[in-house]
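*Asks:* Just a sequence and a predicted model for now, questions to come.
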Amino acid sequence: MNASQLKVLVTKLVDDYRVSIRKASAVVLLHRSVWYYKPKNRDERQILMRMNEIASTRVRYGFWRIFTLLRREGFKDNHERVYRLYRKD
């Protein structure tokens, strides 16, 4: 089971049996920090636009050179996220 399914089980235990989150997460073997985690949705339009500008002006530039230029311009995204966006287009 993945974390989202386990989170659903924990909420079901808490609602139906009125137990604490600590006890419900222990039964399901889910760490409490996973239950409290709030994902951050990030807007990727700005970095995609800049990547397309670099790739269109510098046709021979590959991923690593585009990543380096983005870093120099102040983008804080790691190489894994930039590569996922690079492959997306």
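*Replies:* Great, that's in hand. Numbering: from 1, shown residues only.
*Asks:* what's the longest helix belonging to the chain packed up against?
*Replies:* Taking DSSP state H as the criterion, the chain has its longest helix at helix 3-17. Helix 3-17 sits against helix 21-28, helix 32-36, with contacts defined as 3 or more Cβ pairs under 8 Å, 6 or more residues apart in numbering; DSSP states H and E. For every residue, glycine as well, the C-beta is placed using N, CA and C.
*Asks:* is it possible to export those helices to a markdown table including mean pLDDT?
*Replies:* As requested, these are exported to a markdown table (pLDDT from 0 to 100):
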| stretch | mean pLDDT |
| --- | --- |
| helix 21-28 | 96 |
| helix 32-36 | 94 |
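*Asks:* Tabulate those (CSV), appending distance to L9 and mean neighbour count.
*Replies:* Conversion of those to CSV gives the following (distance: least, Cβ to Cβ, whole Å; neighbours: other Cβ atoms under 10 Å):
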stretch, distance to L9, mean neighbour count
helix 21-28, 5, 16
helix 32-36, 10, 12
